[in-house]
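A.B. asks: build me a model from this:
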Amino acid sequence: MSPLNIKKGSTSHSAYQLRDPHSEREERHTLAVVVDNEAGVLARVIGLFSGRGYNIESLTVAEIDHTGHQSRITIVTNGTPAVIDQIQAQLGRIVPVHEVHDLTDEGPSVERELALFKVAGTGDKRVEALRLADIFRANVVDSTLDSFVFEITGASDKIDAFAELMRPLGLIEVARTGVAALSRGVA
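C.D. replies: Numbering: from 1, shown residues only. The predicted model follows:
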């Protein structure tokens with residue numbers, strides 16, 4: 001069947017449909033962006049995402065060079081490979097941006113997140129919360145007669161798993177820092 005004779009609802013593909021449908025799957029990417037530490041830079045980066053309808057799963061910002069007045073923005077986002085490439089290109093065009101790295105594509109990286117969990121409970125629930133905290137290597141940073149605040153660090157999926165286990169035990173509140181990430185090795 002030629003491309004001109006394809007009927008509506010037909011499963012045949014034309015020569016014009018060269019893209020692999022599997023390559024358009026959304027992927028999770030961690031981007032590291034080095035910027036000048038000045039007012040309005042974060043707003044411009046966030047504006048790029050919101051203006052184009054891109055989602056940010058995690059966002060962390062901190063100064064990395066006090067004398068050079070530079071900060072690092074770590075962004076976790078989802079998108080097709082084409083969207084991720086577009087995000088990188090657009091970030092690179094913002095004037096105070098010095099570097100844009102896709103840690104996901106550049107090779108192995110280390111990602112960690114810090115979270116605080118407030119869990120209320122007494123009796124068996126309190127004992128179980130302490131037992132699980134020990135298994136997850138969470139630290140008790142505050143304790144009252146009816147609640148704990150746990151501090152936990154690790155990959156985002158570890159934080160998510162801890163949250164799911166604490167919910168039925170009396171999870172009241174969660175505060176998460178967002179992802180901090182560095183590529184592995186010397187480069």
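A.B. asks: what sits against the residue nearest the centre of the chain?
C.D. replies: Centrality entry for the chain: nearest residue to the mean C-alpha point is Val76, 3.2 Å, by Cα atoms, centre = their mean. If you count contacts by Cβ atoms under 8 Å, 6 or more residues apart in numbering, Val76 has them with 28-31, 56-59, 156, 178-179. Where you see a C-beta, it was placed from the backbone N, CA and C, and this is true even at glycine.
A.B. asks: any of those buried? List them.
C.D. replies: Burial by neighbour count, judged by 16 or more other Cβ atoms under 10 Å, picks out 29-31, 58-59, 156, 178-179 from those.
A.B. asks: out of those residues, name the ones that lie in strands.
C.D. replies: Using DSSP state E, the members of those that fall in strands are 29-31, 58-59, 178-179.
A.B. asks: please name every helix or strand in contact with the helix ranked longest in the chain.
C.D. replies: Longest helix of the chain, by residue count under DSSP state H: helix 156-170. Helix 156-170 is packed against strand 109-120, helix 124-135, strand 147-154, strand 171-183, with contacts defined by 3 or more Cβ pairs under 8 Å, 6 or more residues apart in numbering; DSSP states H and E.
A.B. asks: if we go to 6 Å?
C.D. replies: Applying 3 or more Cβ pairs under 6 Å, 6 or more residues apart in numbering; DSSP states H and E, we find helix 156-170 packed against strand 109-120, helix 124-135.
A.B. asks: most packed of those?
C.D. replies: The highest average neighbour count among those, using mean count of other Cβ atoms under 10 Å, belongs to strand 109-120 at a mean of 18.
A.B. asks: before we move on, back to that, can you list the ones in strands among the buried ones among the contacts of Val76 in a markdown table and add distance to Glu128 and pLDDT?
C.D. replies: Output for those, formatted as a markdown table (distance: Cβ to Cβ, whole Å; pLDDT from 0 to 100):
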| residue | distance to Glu128 | pLDDT |
| --- | --- | --- |
| His29 | 37 | 95 |
| Thr30 | 33 | 95 |
| Leu31 | 38 | 96 |
| Ser58 | 29 | 93 |
| Leu59 | 33 | 94 |
| Gly178 | 28 | 93 |
| Val179 | 29 | 94 |
